[in-house]
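S.K.: Below are the sequence and a predicted model; questions follow.
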Amino acid sequence: MSHFYAMLSRMKNINRWGLMRNTRSENLSEHTLEVAFIAHALALIGNKRLAKNYNADEVAVAAMFHDTSEIITGDMPTPIKYYNAEIKEAYKKIEAIAEEQLVDMLPCDLKEDFIPYFKPSEDSVALIKAADKISALIKCIEEIKMGNMEFNQAEKSTKASIEKLDCEEAKIFCKEFLKSFYLTLDEQRNTDS
């Protein structure tokens, strides 16, 4: 018997942004799907517009698994996770152990197939990291739209962290898609906007 998918189903029980007051909670499943959508788009943008050679499907699937270690570790708030180099390094080791535990839950004949998703290429990691930050920025935008000023500073720092990545694909995505998140549903549906 394999517990792998039963464990993955627990992602919906892990809420993000634990130190912030939220108008709407966001769970790990929701976040991961959004990151996968965005990472896939970043790979396609790279391929179509920047002459890159990403495997967009592999990037998207790796993005689906990028935070699965949090099923075991929980969601560590960013200010704590990145407080200093020692904590950051220790947490990376804990995440790696958690990922190994998850992979060990798979039937033996499937384990090898999942390794590229848990250990993606550096290019894929860069796109997933950018997509993760864009997803965080979208959450900030949504909260601020609801009048939650708690996310003002998070929005500024997340925008700065996206800029700092110097990821051309992320810049293109933000330029072409991000403004829509500031609009209402009616405004988004109006093709003249």
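M.R.: Done, it's in. What you are looking at is a predicted structure, and each value in this text was computed from that prediction instead of being measured.

S.K.: what helices or strands is the top helix by length along the chain leaning on?
M.R.: Criterion DSSP state H: the longest helix present in the chain is helix 122-145. Helix 122-145 sits against helix 28-49, helix 56-64, helix 152-165, helix 168-177, with contacts defined as 3 or more C-beta pairs under 8 Å, 6 or more residues apart in numbering; DSSP states H and E. Where you see a C-beta, it was placed from the backbone N, CA and C, and this is true even at glycine.

S.K.: closest one to I87 among those helices?
M.R.: With respect to I87, and counting by C-beta to C-beta, the nearest of the helices and strands packed on helix 122-145 is helix 152-165 at 17.7 Å.

S.K.: Settle this for me: Q188 is touching K179, isn't it.
M.R.: No: taking contacts as C-beta atoms under 8 Å, Q188 lies outside contact range of K179: 10.1 Å.

S.K.: if I look at A85, how far off is R21?
M.R.: Counting by C-beta to C-beta, to the nearest Å, the gap from A85 to R21 is 29 Å.

S.K.: Tabulate the CA atom coordinates of the lowest-mean-pLDDT helix or strand in the chain in PDB.
M.R.: Here the helix or strand of the chain ranked lowest by mean pLDDT, DSSP states H and E is helix 78-81, holding a mean of 71. Taking C-alpha atoms only, helix 78-81 is exported to PDB below (Å, rounded to 0.1, in the frame of the first residue of the first chain):
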ATOM      1  CA  THR A  78       9.300  33.600   5.100                       C
ATOM      2  CA  PRO A  79      10.700  36.000   7.700                       C
ATOM      3  CA  ILE A  80      11.800  33.000   9.800                       C
ATOM      4  CA  LYS A  81      12.900  30.800   6.900                       C
END
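
S.K.: Quick check: which helices or strands does it pack against?
M.R.: Going by 3+ C-beta pairs under 8 Å, 6+ apart, helix 78-81 lies up against helix 85-104.

S.K.: Could you export the helix or strand that comes right after the helix it packs on as CSV, CA atoms only?
M.R.: Per DSSP states H and E, helix 85-104 leads on to helix 108-118 as the next helix or strand towards the C-terminus. C-alpha atoms of helix 108-118 as CSV (Å, rounded to 0.1, in the frame of the first residue of the first chain):
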residue,chain,number,x,y,z
CYS,A,108,9.4,1.1,-6.2
ASP,A,109,8.6,1.0,-9.9
LEU,A,110,7.4,4.6,-9.9
LYS,A,111,10.1,6.3,-7.8
GLU,A,112,12.5,6.9,-10.6
ASP,A,113,9.8,8.7,-12.6
PHE,A,114,9.3,11.3,-9.9
ILE,A,115,12.9,12.2,-9.3
PRO,A,116,12.9,14.9,-12.1
TYR,A,117,10.0,16.6,-10.4
PHE,A,118,11.6,16.6,-6.9
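
S.K.: Alright, I will stop here.
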